[in-house]
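K.L.:
test case, fold it:
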Amino acid sequence: MADLEVHRSGDTTIRYSASGPVGGPVLVLVHGWACGRTDFDAVTSHLPRTHRVLAIDLAEHGESRSTREVWTMEEFARDVVAVLEAESVDSCVVAGHSLGAAVAVEVGRLLPDTVSRVVALDGLHYLFLFPALDEGRAAAVLQPFLDDFPGAVRGMVEAGSPPGTDAALKDAYFEKMSAVRQPAGLLSMEGLVRWDMDAALSGTDQPITVFAVRDMVAQAAVDRYGKRIDFVLVDLGSHHFPVEAPEATAKLLTDVMNKQ
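P.N.:
Numbering: from 1, shown residues only. This is a model prediction of the structure:
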């Protein structure tokens with residue numbers, strides 16, 4: 001696995017890992033909010049060696065750095081696009097976890113002729129975030145992060161953990177996510193809250209598959225988006241199941257790649 005980087009404006013350096021043969025089917029992996037590309041290390045080790053796998057640290061996450069002032073999902077998508085351009089990718093599947101799923105949709109919107117499918121790993125089905133919130137509801141979601149950032153992160157981890165989730169795992173997720181670099185951590189959460197998923201979906205044509213934790217999927221989300229999104233319910237752990245069940249996650253992704 002090679003560790004590489006690309007440079008963008010705004011003093012932005014995007015770090016990413018590349019494995020597999022150049023010219024092989026390309027799978028792009030995008031982490032969630034306050035996480036990083038190393039979340040996919042074990043997943044990558046279980047993917048077919050014939051695949052080219054690109055795991056990307058979004059700006060101010062993991063090893064990527066930026067002084068820019070725009071923290072929208074589209075701007076994160078441009079981080080991914082910069083990597084795809086550096087790698088001369090002409091066809092790929094983009095898979096994103098949580099916030100990374102929103103970024104993946106935006107990559108599909110920016111590169112309609114390159115992205116053949118979007119995959120969400122427990123993303124896109126949370127109706128308290130999507131569709132777009134009005135100003136009052138957006139402020140209500142963001143206020144806890146302004147009042148008590150660690151407490152809000154702890155609440156997120158708990159909300160994404162079905163009954164029986166190992167307490168040590170939850171503590172590990174909390175420690176990692178609460179240490180996100182600021183102000184990007186707070187501003188990127190605002191960017192997610194203000195993302196208009198309906199508008200993004202209307203601007204994309206790629207098939208979208210969502211692998212969603214069964215215990216955290218509301219029927220209302222399936223009813224609302226089921227004609228546009230293929231929902232596949234899984235029982236692989238918590239919201240962070242790619243970390244907890246990397247081999248099973250790799251199989252899900254491999255099956256999607258084999259459909260291309």
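
K.L.:
ranges for the strands of the stretch 1-150 of the chain?
P.N.:
2-8, 12-19, 26-30, 52-56, 92-97, 115-121 (DSSP state E, counting those that start in this stretch).

K.L.:
now those strands as JSON lines including distance to residue 172 and mean pLDDT?
P.N.:
To be clear about C-beta, it is placed using only N, CA and C from the backbone, and glycine gets the same treatment. Formatted as JSON lines, the strands of the stretch 1-150 of the chain follow (distance: least, CB to CB, whole Å; pLDDT from 0 to 100):
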{"stretch": "strand 2-8", "distance to residue 172": "23", "mean pLDDT": "95"}
{"stretch": "strand 12-19", "distance to residue 172": "21", "mean pLDDT": "98"}
{"stretch": "strand 26-30", "distance to residue 172": "20", "mean pLDDT": "98"}
{"stretch": "strand 52-56", "distance to residue 172": "19", "mean pLDDT": "98"}
{"stretch": "strand 92-97", "distance to residue 172": "16", "mean pLDDT": "98"}
{"stretch": "strand 115-121", "distance to residue 172": "18", "mean pLDDT": "98"}
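
K.L.:
now render those as CSV, adding distance to residue 188 and mean neighbour count.
P.N.:
Formatted as CSV, the strands of the stretch 1-150 of the chain follow (distance: least, CB to CB, whole Å; neighbours: other CB atoms under 10 Å):
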stretch, distance to residue 188, mean neighbour count
strand 2-8, 16, 13
strand 12-19, 13, 20
strand 26-30, 13, 29
strand 52-56, 14, 25
strand 92-97, 13, 28
strand 115-121, 17, 26
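
K.L.:
reformat those as CSV; add distance to residue 222.
P.N.:
As requested, the strands of the stretch 1-150 of the chain are arranged in CSV below (distance: least, CB to CB, whole Å):
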stretch, distance to residue 222
strand 2-8, 37
strand 12-19, 33
strand 26-30, 23
strand 52-56, 29
strand 92-97, 19
strand 115-121, 13
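
K.L.:
so which of those strands gets nearest residue 66?
P.N.:
strand 12-19 (3.8 Å; CB to CB).
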